[in-house]
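> coordinates for the following, if possible.
(2 chains)
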Amino acid sequence: MVWRRQAGALPLMSDAHSEAAERSFERDIQVALAPLHKLCLGLSFGAVAGAGLFLATLLHLWRSPNEAYPLALLSQYFRGYDVSWSGAFVGFGWAFATGFVAGWVFAFCRNVVTGLTRFVLRTRAELEANRGFLDQI
Amino acid sequence: MVSPADEAPNTQRAASVLVRINARAWGVATGALLGVGLCLATLILVWKGGSDVGQHLGRLSYVLPGYDVSYAGALLGLVYGFFIGYALGRVFGPKRDLADDSAQDGPIHVRLSARSWGFTLGVLLALLLFLMTNVLFLRGGSDVGSLLRELHIYLPGYSVDFVGSLIGAAYMLALGWILGQAVALIYNRAVTRAEA
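From the prediction side, this is the model:
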């Protein structure tokens, strides 16, 4: 079995298994740094937020029907919202929209960070691999 | 063949690098969300104006020194929100998002671990409520926690004192668990459909 060194990768690998191991490693990196789906995360945040505010409004109506405070404070941000049956549906719409934007922004920021990191790692690896170039010319 | 002596440390190094990258990404995303969210919430109230503007949101100054409902306060809120969100996201973010391992050639997207998300959100919400309740309780004063006290409508047994903070934290742990699981399950289904 022939052993050889590969720069920037595992230090000692056999010819027979080095390519397979490198492909597997690349795949692991790709999977670990895969992006979040922005639209889907927005949808899931929106759905949960919308359902949450809808249920919170109904719960408030059930437990404290005569006092809208403090949930009524949300009307400062959600025009048309109030602690009532119709308000619960209005609140669902607003919370869904807000949650969607929050989820989308969250996924976007995470993808930017992982994408930049992947770019930096790849650039470093390429520079490392070409380090001996100037010595050879 | 990779010798066993070389494989384990390399795999561990790679895994720890990936965990750090993931933690950083979570921290930045959570910080951006919290910071921008608080900044926008403050600015909306400032633009709306009116008498006694920010009567309720301004109470955040009890836990965020220097914060108020003004342009300067919005900027300070952005900074506070980012740093608090970054710390929370970095420390409590899922250590590993579950990714699809299928051998597909097209672009793959992260799948979310329902357990990780449920645990993370539950701990985050529980910790937030526990800390806020106890900070207000320790500050004391007249009519302490008048706004937070209203949470008893949704969380029976909750009150603005130490015992209440434990009860509230338990509620939030359960609620966060449910919400986190729901987010992850809805997201995974949506992504599977989108990639199909």
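> ok, now which ones touch the residue nearest the centre of chain B?
Centroid-nearest residue in chain B: B:L124, 5.4 Å away (criterion: C-alpha atoms, centre = their mean). By C-beta atoms under 8 Å, 6 or more residues apart in numbering or on different chains, the contact set of B:L124 is B:L88, B:F92, B:G176. Where you see a C-beta, it was placed from the backbone N, CA and C, and this is true even at glycine.
> just so I have it, where are all the helices in chain A?
Using DSSP state H, the helices found in chain A span residues A:15-32, A:38-63, A:85-129, A:133-136.
> let's have those in CSV, adding mean pLDDT, mean neighbour count and distance to chain B.
Output for the helices of chain A, formatted as CSV (pLDDT from 0 to 100; neighbours: other C-beta atoms under 10 Å in any protein chain shown; distance: least, C-beta to the nearest C-beta, whole Å):
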stretch, mean pLDDT, mean neighbour count, distance to chain B
helix A:15-32, 69, 14, 4
helix A:38-63, 92, 20, 4
helix A:85-129, 90, 17, 4
helix A:133-136, 72, 7, 25
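> quick one, which of the ones you listed is nearest to B:L60?
Taking C-beta to C-beta, helix A:85-129 is the member of the helices of chain A nearest to B:L60, at 18.7 Å.
> and that closest one, what does it pack onto?
Applying 3 or more C-beta pairs under 8 Å, 6 or more residues apart in numbering or on different chains; DSSP states H and E, one finds that helix A:85-129 contacts helix A:38-63, helix B:4-48.
> which other helices and strands does the first one contact?
This means helix A:38-63. helix A:85-129, helix B:162-195.
> hang on, the earlier thing: top of the contacts of B:L124 by number of neighbours, please.
Within these, most neighbours by other C-beta atoms under 10 Å in any protein chain shown means B:G176, with 23 neighbours.
> that one reaches B:W117, doesn't it?
No. Taking contacts as C-beta atoms under 8 Å, B:G176 lies outside contact range of B:W117: 9.2 Å.
> tell me the helix or strand right after the lowest-mean-pLDDT helix or strand in chain B.
Every helix and strand in chain B was compared by mean pLDDT, DSSP states H and E; the lowest is helix B:4-48, with a mean of 79. Tracing the chain past helix B:4-48, the next element assigned as helix or strand by DSSP states H and E is helix B:71-92.
> for that next one, buried residues please.
Neighbour-count burial for helix B:71-92, with 16 or more other C-beta atoms under 10 Å in any protein chain shown as criterion, is recorded at B:73-74, B:76-82, B:84-86, B:88-90, B:92.
> which of the residues you listed sits closest to B:L33?
B:G85 (6.2 Å).
> out of the helices of chain A, which is closest to B:Y187?
helix A:38-63 (4.0 Å).
> what distance separates that closest one from the middle of the whole chain?
20 Å (C-alpha atoms, centre = their mean, to the nearest Å).
> just the element for the closest residue to B:V63 other than its chain neighbours, please.
Leaving aside its sequence neighbours, B:V63 sits nearest to B:V135 (C-beta to C-beta, 6 or more residues apart in numbering or on different chains; 5.3 Å). Take DSSP H and E as the rule and B:V135 turns out to sit in helix B:114-139.
> pLDDT averaged over that helix - what is it?
On average, the pLDDT along helix B:114-139 is 87.
> relative to helix B:162-195, how tilted is that helix?
150 degrees (axes from the mean of the first three to the mean of the last three C-alpha atoms, to 10 degrees).
> buried ones in helix B:114-139, by neighbour count?
B:114, B:116-130, B:132-134, B:136-137.
> quick one: that helix to helix B:4-48, angle?
50 degrees.
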